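[1] What would the 3D arrangement of this be:
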Amino acid sequence: MCSPYGGQLRLAPGLPVDVLPGVVAYLDPRTVGRIASANADFPVLCRSDEVWRALVVAAVWPHDGELLQLLATGQQPHRRLPWRGLFRAHSVASGVLVVDVGHGYTKYGFPPRSGAPAPPGVLQLCSSPTHPADAPRQRQLRAIFERCAAAQRGGAWNWRPSRVLVAEPFSMTSARDAAAWRDGFIRPQLGSGTKVTFCPQPVLALLAHGSNQDGIVMNIGQREVAVVPCLDGKVCYEAVRMQEGMGASMLTQVMLEMLVARNEGVDWGMLTWCRDLKETYCEVSPEPMRGPGEEEDDRLPPPVEVCHGRLRIQLGAERFRTPEVLFQRGRASLPSLVLQAVRMAIQRQAPEQRKGVAARLLASVVVVGGTAELPGLRYRMQRELAVQLLDGQWAGLRDSSGSPPPLPLEGA
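    Model prediction:
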């Protein structure tokens, strides 16, 4: 049997030659190495790009935008190592501590060597009476190092990660703010031997969803919504839209207000219980809902019964009316905030560079934050954006053909 890799493959005489790379690709790297040494004709096969491409896909996670494009085209950019070299570089790379600094929580962890990411550690930083802070805000990175040291080195504080990736918060609205945050908040907590890499959270969100250049990232936080345009892999700080008072906390209050009005025995002391109900049962209606004074929409599913001690209530339209407020706030609605950010980003470009900017940004809309996980939110966002783009006030955002740009939405 002739082999396209050179020579004869005598180990599996009944197996078609073009099937062998696919079979080998299902094996782990150690087994591939053993096969390569088991037969004189197999080393070339086991070094083929087809085999190592599959091994890279299984080992490197998450796939960044460049890697996804590489997989789609089957071609290698001029800067990219061969697949086998890429796998080797990934295998010998040292661990990177990833830190996500938020207002209420700071999340951190070491990305696993292969497979999907493990749940990160969570450093509780909010200071409410029911959730006391584990560390003062000005020493949260040091507290993370202490925890990692205790887990990996028996509590020896002289341990330092070789490199730390720190995500700059969505709340940064200028390059000056970001620089002040890095120099005044992060670097004083790092040892002199620690290498740190900073990356804005919106850029990381785009990378995680396969777009490493252009897009809009919306972060629905606890008490604010940030809409951040990115062009050429950089944040357009001048076009960032921040909406204070809007977010997960507002949704919990809206839902509790409806439950208090409709159910005897529900009071404002049940805020945490209501938050859990919201996260468990709320969904986004695919179509705009009728007004509060109108008859309930007959397309809604039947109510569900929920309990709080001896209290039993029926949770019906509240499940859908709660997230509906995200789309009923006029200029502060989620779709409007996205389009305002797009318009501002266009205005910040030189006149000769404005053409096609809207299409580039709206081609990748990423929604992140806990509220982004509400069922139906991404579909509704895509629908509302498409409808609003047909409105006269947003006519300037259309491409040269007069039709709205594509609107794929992602979320995390």
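[2] what sits against Leu334?
    Met218, Ile220, Val225, Leu326, Phe327, Met381, Glu384 (CB atoms under 8 Å, 6 or more residues apart in numbering). C-beta here means a position set from N, CA and C on the backbone, and glycine is covered the same way.
[3] State the phi and psi torsions of Val217.
    phi -120, psi 130 (degrees, to the nearest 10).
[4] how far away is it from Val98?
    According to CB to CB, to the nearest Å, Val217 stands 17 Å off from Val98.
[5] Pick out whichever of the two has more residues nearby.
    Val217 (29 against 21; other CB atoms under 10 Å).
[6] Does Gly339 touch Leu397 like I think?
    One correction, residue 339 is Leu, not Gly. Yes - using CB atoms under 8 Å, Leu339 makes contact with Leu397 at a distance of 6.6 Å.
[7] Quick check: neighbours shared by those two?
    Leu389.
[8] which of those two has more neighbours?
    More crowded of Leu339 and Leu397, by other CB under 10 Å: Leu339, with 25 against 19.
[9] what's near enough to touch that one?
    Leu339 sits in contact with Leu385, Gln388, Leu389, Trp394, Leu397, where contact means CB under 8 Å, 6+ apart.
[10] Which members of these occur in strands, if any?
    Residues of the contacts of Leu339 located in strands (DSSP state E): none.
[11] what would these look like in TSV with distance to Val19?
    Formatted as TSV, the contacts of Leu339 follow (distance: CB to CB, whole Å):
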residue	distance to Val19
Leu385	46
Gln388	51
Leu389	48
Trp394	53
Leu397	50
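[12] Show me which of those is closest to Ala40.
    Nearest to Ala40 among those is Leu385, at 59.7 Å by CB to CB.
[13] all helices of the stretch 201-350 of the chain, in order?
    Per DSSP state H, counting those that start in this stretch, the stretch 201-350 of the chain carries helices over the ranges 201-208, 248-262, 271-281, 318-324, 334-347.
[14] List the buried residues for the last one?
    Just to be clear, that refers to helix 334-347. If you call a residue buried by 16 or more other CB atoms under 10 Å, then helix 334-347 has these buried ones: 334-346.
[15] related to what we said a few turns ago, closest to Leu231 out of the contacts of Leu339?
    Out of those, the member with the shortest distance to Leu231 (by CB to CB) is Leu397, at 14.7 Å.
[16] Do I have it right that that closest one meets Ile346?
    Yes - counting by CB under 8 Å, Leu397 touches Ile346, with 7.4 Å between them.
[17] Show me the common contact partners of those two, please.
    Ala358.
[18] remind me which residues of the stretch 51-200 of the chain are low pLDDT?
    Residue ranges of the stretch 51-200 of the chain with pLDDT under 70: 57-81, 89-97, 101-104, 110-133, 149-163.
[19] ok, and the closest non-adjacent residue to Val99?
    In space, and not counting its chain neighbours, Val99 is closest to Tyr108: 4.6 Å by CB to CB, 6 or more residues apart in numbering.
[20] you'd agree the one you found is in a helix?
    No - using DSSP: H, G, I helix; E, B strand; the rest coil, the assignment for Tyr108 is strand, not a helix.
[21] low pLDDT regions in the stretch 251-400 of the chain?
    For the stretch 251-400 of the chain, residues meeting the criterion pLDDT under 70 lie at 291-298, 329, 392, 395-396, 398-400.
[22] could you redo the last one with a cut-off of 80?
    290-300, 329-331, 390-400 (pLDDT under 80).
[23] coming back round to it: can you count the residues close to the residue nearest to Val99?
    Neighbours of Tyr108 under the rule other CB under 10 Å: 24.
[24] What distance do you get for it to Ser192?
    Taking CB to CB, one finds Tyr108 at 21 Å from Ser192.
[25] Walking through the chain, point out its strands one by one.
    For the chain, the strands defined by DSSP E occupy 97-101, 105-109, 121-124, 163-168, 195-200, 215-220, 224-231, 234-235, 241-244, 304-308, 311-315, 365-368, 409-411.
[26] Nearest to Val266, out of those strands?
    For Val266, the closest of those is strand 311-315, at 6.8 Å, according to CB to CB.
[27] Enumerate the positions of the closest one that are buried.
    In strand 311-315, the ones that count as buried by 16+ other CB under 10 Å are Ile313, Leu315.
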